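> Sequence plus the predicted model coming up.
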Amino acid sequence: MILGLAALNTGAAPVRYAGSTAELTVARVSDRTVEVRLAPLDPNGQPVSAPASTVLVSFPREVVWRGRELSAPTEVTVAGLRIHLEPSPLTLEVRRADGRVVQRLVWNVADGSLSFRTDAPILGLGEGGPQFDRRGRRYPMKDGWGADNRPVLGSRIAVPFLIGTDGWALFLHQPQGPEGEFDLRDGKGSFRPGENQRRWPMDIYLMACDQPGDALAEYVRLTGRPPLPPKWVLGYMQSHRTLAGPDEVWQVARTFREKKLPCDALIYLGTGYCPAGWNTGHGSLEFNPRTFDRPAENLQRLHDLHFKVVLHVNHAPKDLFGASLNEGSDSPTHIGNYWARHRPAVRLGVDGWW
């Protein structure tokens with residue numbers, strides 16, 4: 001069902017995104033989640049299609065409003081939610097049936113930035129950085145070591161998913177990977193898409209949450225259920241730094257068992273992060289003879305003591321790509337070929353990688 005066609009009459013204001021004419025689509029995903037897509041138009045006047053997503057799973061959606069022009073305030077209903085659209089500036093406000101505001105989204109026509117309310121503490125945005133309330137800081141959607149106060153707060157793994165503790169959640173799906181920046185300073189929130197992101201549709205999933213768990217339940221609806229990890233990864237894992245030699249590998253493991261200390265896995269860092277690790281250097285998958293002189297025998301002795309073994313390695317290609325290990329590709333940076341290099345170590349008995 002497509003509503004709001006009255007907005008296409010004479011004198012209507014064209015919908016625009018980042019300086020370009022665009023098409024706005026509002027769809028029902030569930031009784032709690034609304035999908036909002038703002039897609040720039042190509043030279044032929046058609047909405048730009050986003051690249052295939054490696055994040056979202058397939059789920060049904062029902063379009064309740066679609067248009068390229070908006071002449072006056074328009075309202076549609078999705079389940080128990082009232083969605084109010086305004087033309088200038090382009091605004092989408094979601095209210096509950098009793099009139100309480102869930103969230104109000106306002107777009108900047110020139111740069112495509114999005115503003116939203118931040119009246120209560122905000123959770124989410126991935127790993128690292130200030131905890132418990134994300135307000136008061138900027139959050140570039142970049143992973144890595146460049147996080148604010150990293151020695152205390154840790155590295156960042158950016159996720160464009162926010163949870164407002166006053167009953168809403170917001171997920172910005174970015175098909176080309178996280179990009180742009182959230183700014184939660186000065187008592188308000190905004191998201192500024194990156195230059196590359198502005199070429200593609202902005203997909204927003206706005207959720208109305210009655211209970212804290214509603215946000216994660218709706219996120220799983222969009223992205224699918226995470227795989228259940230093996231039981232051993234839920235236990236204690238001992239991460240060991242530098243090794244004096246092969247005997248230390250065995251002595252540490254034996255001490256755990258002799259003292260009846262619970263431990264399910266032993267982790268060994270790579271050489272470079274410590275003076276003498278399991279491998280010969282950053283990015284190497286070759287065992288260091290100074291620490292693992294007989295890899296197959298070393299790993300078997302650890303397995304005989306009922307340990308799993310996890311090896312640390314870094315220097316994955318920065319342009320690593322691909323959604324499946326089974327895809328065929330001759331590129332050395334395809335994810336299938338990258339992991340193929342690890343198979344000899346797995347055959348020797350390595351149980352996991354860090």
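Received it, and whenever you're ready, just let me know what you need.
> Need the residues that contact stretch 343-354.
Taking contacts as CB atoms under 8 Å, 6 or more residues apart in numbering, the residues outside stretch 343-354 that touch it are 232-233, 265, 267, 285, 287, 295-296, 299-300, 302-303, 308-313, 342. Using the backbone N, CA and C atoms, a C-beta is placed for each residue, glycine as well.
> And for stretch 324-339?
With contact meaning CB under 8 Å, 6+ apart, stretch 324-339 is reached by 316-317, 319-323.
> Next, format the residues you listed as CSV and append neighbour count and distance to Gly224.
Output for these, formatted as CSV (neighbours: other CB atoms under 10 Å; distance: CB to CB, whole Å):
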residue, neighbour count, distance to Gly224
Ala316, 12, 24
Pro317, 14, 26
Asp319, 9, 25
Leu320, 14, 21
Phe321, 14, 20
Gly322, 17, 18
Ala323, 12, 13
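> In a markdown table: these, plus pLDDT, distance to Gly19 and secondary structure.
A markdown table is the format used below for the contacts of stretch 324-339 (pLDDT from 0 to 100; distance: CB to CB, whole Å; DSSP: H, G, I helix; E, B strand; the rest coil):
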| residue | pLDDT | distance to Gly19 | secondary structure |
| --- | --- | --- | --- |
| Ala316 | 80 | 36 | coil |
| Pro317 | 78 | 34 | coil |
| Asp319 | 76 | 29 | coil |
| Leu320 | 78 | 33 | coil |
| Phe321 | 78 | 29 | strand |
| Gly322 | 75 | 33 | coil |
| Ala323 | 70 | 32 | coil |
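> Redo those as JSON lines? Include distance to Ala217.
JSON lines is the format used below for those (distance: CB to CB, whole Å):
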{"residue": "Ala316", "distance to Ala217": "32"}
{"residue": "Pro317", "distance to Ala217": "35"}
{"residue": "Asp319", "distance to Ala217": "35"}
{"residue": "Leu320", "distance to Ala217": "31"}
{"residue": "Phe321", "distance to Ala217": "30"}
{"residue": "Gly322", "distance to Ala217": "29"}
{"residue": "Ala323", "distance to Ala217": "24"}
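> Tell me the one among these nearest to Leu85.
Ala323 (34.7 Å; CB to CB).
> give the contact list for that closest one.
With contact set as CB under 8 Å, 6+ apart, Ala323 has these partners: 54, 335.
> and what of Leu81?
Contacts were defined as CB under 8 Å, 6+ apart; by that measure Leu81 touches 31, 34, 94-97, 102, 208.
> Tell me which entries of those lie within strands.
Using DSSP state E to define strands, the subset of the contacts of Leu81 located there is 34, 94-96, 102, 208.
> Thought Asp264 was touching Phe307, still the case?
Yes - counting by CB atoms under 8 Å, Phe307 does reach Asp264; the two are 7.3 Å apart.
> With neighbour numbers in mind, choose between these two.
It is Phe307, of Phe307 and Asp264, that has more neighbours when counted by other CB atoms under 10 Å, with 22 against 17.
> give me every residue that touches the more buried one.
Under the criterion of CB under 8 Å, 6+ apart, the neighbours of Phe307 are 253, 256, 263-266.
> rerun at 7 Å
Taking CB atoms under 7 Å, 6 or more residues apart in numbering, we find Phe307 in contact with 253, 263, 265-266.
> Dump those residues to CSV, plus distance to Val64 and secondary structure.
Putting the contacts of Phe307 into CSV (distance: CB to CB, whole Å; DSSP: H, G, I helix; E, B strand; the rest coil) gives the following:
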residue, distance to Val64, secondary structure
Ala253, 60, helix
Cys263, 54, coil
Ala265, 49, strand
Leu266, 54, strand
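> Lovely, talk soon.
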